[in-house]
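Q: Predicted coordinates and the sequence they were generated for:
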Amino acid sequence: MLKSKTFVKKTRSGGVLKIVREHYLRDDIWCGSEVCKECKDEAPVLQEHACIESDLCSYPHYLIPDTNVLLHQIDILVDPLIRNVIILQTVLQEVRHRSAPVYKRIKDAIHEKEKHFYTFTNEHHRETFIEREQGESANDRNDRAIRVAAKWYTDHLAKKTNGGSLKVVLLTDDRANKEKAEQDGLIVYRCEEYIKSLIGNPELMDRLALQPDDQNEITGSKLLFPEHLPLSRIQSGIKNGMFLQGTFHANRDNYLEGKVFINREGEEINEVLLQGLQNLNRAVHQDVVAVELFPKERWVAPSSVVLQDDSPNDEDADEDETENNVNSSVLKPTGRVVGVIKRNWRPFCGMLSQSMIKEATRHLFTPADRRIPRIRIETRQAANLVGQRIMVAIDGWPKNSRYPNGHFVKNLGSAGDKETETEVLLLEHDVPHQPFSQAVLSFLPQMPWSITEEDLKVRADLRHLCVCSVDPPGCTDIDDTLHCRELENGNLEVGVHIADVSHFIRPGNALDQEAASRGTTVYLCGKRIDMVPELLSSNLCSLRSNVERLAFSCIWEMNHNAEIIKAHFTKSIINSKASLTYAEAQMRIDDSNMNDDITKSLRGLNRLAKILKSRRIAKGALTLSSPEVRFHIDSETHDPIDMQSKELKETNSMVEEFMLLANISVAQKIYDEFSECALLRKHPSPPPSNYDILIKAAKSRDLNILTDSAKALADSLNNATVENFPYFNTLLRILATRCMMQAVYFCSGMDSDFHHYGLASPIYTHFTSPIRRYADIIVHRLLAVAINADSTYPDLMDKHKQTALCNNLNYRHKMAQYAQRASVAFHTQLFFKNKGIINEEGFILFVRKNAIIILIPKFGLEGAVFFDHKDRPSPRLSFDSEIPGVSVPVPESEPEAKKPKLDC
């Protein structure tokens, strides 16, 4: 059956356009139940014996949740106990438009066979489709469509079960919808009402998301925050310039402070400082908010206080911390949040802080991420959750509540347990770590795999070349190999050969989509979360020694001064002659008794790399620093038994130089061929204000740091040395690293600034690590099209889709870095667990008003040491924000004793 709607629309040019929309209705959409023999469904999803013990529903039944139940109670619905649920098309479409994370979770639940979730396309069923009535809102029409579908299921199943032993239960928290459903003779309950009725499952009650009415019941009557403005006022305010829109970033070191980064281009102000609970006004890290800018006389400086929210009374709002008597040059544009445009809440990991009141059900949850406020939850299992890592979701934040309200989602395991803590850091940093699905694995090549005659016809056969790889110890995902040999004309041939991952991952299939979503491999201590399945990462794509592998080669002819005479790119077949570690390669170079082909190649590469590096540094490339450590892991317990600072050898620099050269060469090639859709990588130069901490640190030792250009900064750092304090220069380089902007991927057709500040290169990309970075796979595809080695596809040439992909890759790359740091921090804690007190050299990185931030280089440890302590009196300190530094007044001379002291 075909229904059609015809309407006319006025075009921009003033013409009239007739639009006809066709809507097909069918009779062959099945109910999905095993009970029904009339519907010719060969694989019914809903069980005949849909039994769940309930005080309200003692009979077998299916559940039909409405849209709001699905949106707000998703943690209930995905619980293994809840099965045999009918998800209506009306509900699914609404959820898709309103919440992408919830939509993904419900789609995953639908694909779980043991859940027995069935999608019923009621909008295309002849008996359940309804037209929107005149004067009826879209929301009311959808509610009516849900009731009509529930009524159809009730009647349909009653006919099939001789009187209706199998029922349908509608779940809704909408009072009007519930009343109308009851009038229609449907069985209908509120979600909370139904969950409370389930026998022997009290823990499900903890997962109920609070509704607005419930939230008001558990908060005080005192107004703690200003009312958020309605969205219509916010939108008009942004339009007329009264408000600014941006993303809120909470301060990790001071819970009373945050910044809003303004999203709109062309704004004079790109960030607004917020100080105090009232001005933060219930914004949570990463929320999109509207801010009102204060007049200049109310602007303040960023706080110099390290402040953590650990007050025992959850309703005591702290006084706002602001800095007085500061230099006007450090004042920042300051404002307040007037409304929230979009919440970016997710389930948060952390620990329960049990209430001091015995038998209490309301407790505070402390998130692992210090940028997230504590969350008040209701739970009846607090005694069991103390000392556990748990997940909690925020439901809302009323204006009369010091903290947001939320609900318990999941118990992850005991705090301090290695598996639990690894799970926490993966969840907290949004690292996709689920096993690869069968759909993804189905696109892997069949084993045994080998290079075919067809491959030999279309690729350069480089198996005779003496190529080798140089990597960290234990590396199994070998992306790159190198070679260097002398040509007959006296020049040198240098090759970088990269794993041809794009040969195995074809555009658009499930394997490609999964790799694009993951974006990067994440390296944790003792664990690796692969971007691609292990068959590719550690086997077929890994350029291991003495096996034939497919590669993408970048080959230069150079003179002995490392000047490129010509370059060419080709798909190839190689056979690596050795898989070396950095130490093994260094040993070969240094051992004068070794003169085999591999060693000669390494020495040639190392000599050229030194020339390339000195040339880069002369152009202004930066040599920065960050404290890095390496763990020695026990082979049985997998606990760290030793840790030390990473030692870099000449061979580390050798490999890096040729990877950089290959990336630059490929970047220029793909940009020359595809100026609008080349995927490149840039490193923006930092704004001058970023260098304040570096300049002040150098000034404390009467040194001057110039930041006009990368070259000026590099030269200043090279000259910044202090006698009898050799580590000072390293400290400055660590600070300089923290002044830098994040390097990002971008599409060449959407930007005009390609410069890479840190490398002092006018153009750059990533080509050399396709096993662990998806950006490199896209670059391989572009290069393959450029040299006619592969065909293109629409998404590759679409700059808007490339930009969306770059945004995801930048996010995944950043999260992977944070996850890796968190893993190092946790393993450092494990290492010190039973060590007792250790004396080790430390350096002060930053000085705050009430604390100093100390770095211990040997262990890569960094942390705050507070001047105040509850067990000792606070010292009298004088804080100078200009240096910044603190000083202790000289104590008065000891008064003369009234009685002579005894010599003991």
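A: Noted; the coordinates are in hand. Values in this document were obtained by computation on a predicted structure and should not be read as measured data.
Q: got the contact list for residue 444?
A: Shown in contact with residue 444 (CB atoms under 8 Å, 6 or more residues apart in numbering): 504, 511, 533, 535-536. No exception for glycine: its C-beta is placed from N, CA and C like everyone else's.
Q: same thing but 6 Å
A: residue 535 (CB atoms under 6 Å, 6 or more residues apart in numbering).
Q: cool, residue 766 as well?
A: 681, 773, 775-776.
Q: Recalculate using a threshold of 10 Å.
A: For residue 766, the contacting residues are 659, 662-663, 666-667, 679-681, 743, 745, 773-779, 809, 813, by CB atoms under 10 Å, 6 or more residues apart in numbering.
Q: what's the distance between it and residue 659?
A: 9 Å (CB to CB, to the nearest Å).
Q: Ok, residue 621 next?
A: Counting by CB to CB, the gap from residue 621 to residue 659 is 14 Å.
Q: One more: residue 157?
A: Taking CB to CB, one finds residue 157 at 64 Å from residue 659.
Q: What of residue 207?
A: The value you get for residue 207 to residue 659, if CB to CB is used, is 48 Å.
Q: got it, and residue 852?
A: From residue 852 to residue 659 the distance is 38 Å (CB to CB).
Q: next one: residue 846
A: Taken as CB to CB, the span from residue 846 to residue 659 is 33 Å.
Q: One more: residue 808?
A: On the measure of CB to CB, residue 808 and residue 659 end up 24 Å apart.
Q: Looking at the two, which one has more neighbours?
A: The neighbour comparison of residue 808 against residue 659 (other CB atoms under 10 Å) goes to residue 659, with 19 against 15.
Q: With adjacent residues omitted, what lies nearest to that one?
A: residue 768 (4.5 Å; CB to CB, 6 or more residues apart in numbering).
Q: mind checking pLDDT for the one you found?
A: With respect to pLDDT, residue 768 scores 95.
Q: contacting residues for it?
A: Per CB under 10 Å, 6+ apart, neighbours of residue 768: 479-480, 496-499, 552, 554, 655-656, 658-663, 666, 776, 779.
Q: tell me the SS of it?
A: Taking DSSP: H, G, I helix; E, B strand; the rest coil as the rule, one finds residue 768 in the coil state.
Q: Quick check: it vs residue 760, distance?
A: Counting by CB to CB, the gap from residue 768 to residue 760 is 19 Å.
Q: Walk me through the regions of this structure where pLDDT falls short of the threshold, as ranges.
A: 1-8, 161-164, 212-221, 265-267, 311-329, 625, 627-646, 869-875, 879-904 (pLDDT under 70).
Q: Which helix in it has the most residues?
A: Longest among the helix segments of the chain by residue count, using DSSP state H, is helix 799-832.
Q: buried sites along that helix?
A: By 16 or more other CB atoms under 10 Å, the buried positions in helix 799-832 come out as 799, 802-803, 805-806, 809-810, 812-813, 815-816, 818-820, 822-824, 826-828, 830-831.
Q: One more: stretch 732-750?
A: Those would be 732-736, 739-740, 743-749, for stretch 732-750 by 16+ other CB under 10 Å.
Q: wait, which of those is closest to residue 451?
A: Lowest distance from residue 451 to these (CB to CB) belongs to residue 745, with 31.7 Å.
Q: Touching, that closest one and residue 809? I think so.
A: Yes. Counting by CB atoms under 10 Å, residue 809 is a contact partner of residue 745 at 5.1 Å.
Q: Stretch 654-674: how far from the chain's middle?
A: 27 Å (CA atoms, centre = their mean, to the nearest Å).
Q: Residue 511 should be in a helix, yeah?
A: Yes. Under three-state DSSP, residue 511 falls within a helix.
Q: Identify the residues contacting it.
A: Neighbours of residue 511 in contact, by CB under 10 Å, 6+ apart: 436-437, 439-444, 504-505, 532-533, 536.
Q: so which two of those are the farthest from each other?
A: 437 and 504 (17.1 Å).
Q: okay, these two: which has more neighbours?
A: The residue with more neighbours, out of residue 437 and residue 504, is residue 504; 22 against 12, by other CB under 10 Å.
Q: got the contact list for the residue nearest to that one when sequence neighbours are not counted?
A: Of all residues not flanking residue 504 in the chain, residue 536 sits nearest, at 5.7 Å (CB to CB, 6+ apart). Neighbour list for residue 536: 444-445, 477, 499, 501, 504-505, 511, 515, 530, 542, 770-771 [criterion: CB under 10 Å, 6+ apart].
Q: so of the residues you listed, which ones are in helices?
A: Using DSSP H, the contacts of residue 536 in helices are 511, 515.
Q: Was I right to think residue 624 contacts residue 740?
A: Yes. Using CB under 10 Å, residue 624 is in contact with residue 740, at 7.3 Å.
Q: okay, and the common contacts of these two?
A: Joint contacts of residue 624 and residue 740 (CB under 10 Å, 6+ apart) are residue 758.
Q: Helix, strand, or coil at the spatially closest residue to residue 138 that is not a sequence neighbour?
A: The spatially closest residue to residue 138, leaving aside those adjacent along the chain, is residue 132, at 7.1 Å (CB to CB, 6+ apart). Secondary structure for residue 132, judged by three-state DSSP, is coil.
Q: before we move on, what about residue 139?
A: helix.
Q: tally of neighbours for it?
A: 12.
Q: Tell me how far it lies from residue 360.
A: 38 Å.
Q: Residue 390 now?
A: Distance, residue 390 to residue 360, using CB to CB: 17 Å.
Q: Between the two, point out the one with more neighbours.
A: Between residue 390 and residue 360, residue 390 has the larger neighbour count (other CB under 10 Å), namely 25 against 12.
Q: Give me the distance from the strand or helix carrying residue 143 to the chain's centre.
A: Per DSSP states H and E: residue 143 is located in helix 138-160. Centroid separation between helix 138-160 and its chain, computed with CA atoms, centre = their mean, is 40 Å.
Q: quick one: buried residues of it?
A: For helix 138-160, using 16+ other CB under 10 Å, the buried residues are 142-154, 156-157.
Q: Quick check: of those residues, which lies closest to residue 340?
A: The closest of these, once distances to residue 340 are taken by CB to CB, is residue 142, at 25.1 Å.
Q: If you drop the residues flanking it in sequence, what lies closest to the closest one?
A: Excluding its sequence neighbours, the residue lying closest to residue 142 (CB to CB, 6+ apart) is residue 90, at 5.3 Å.
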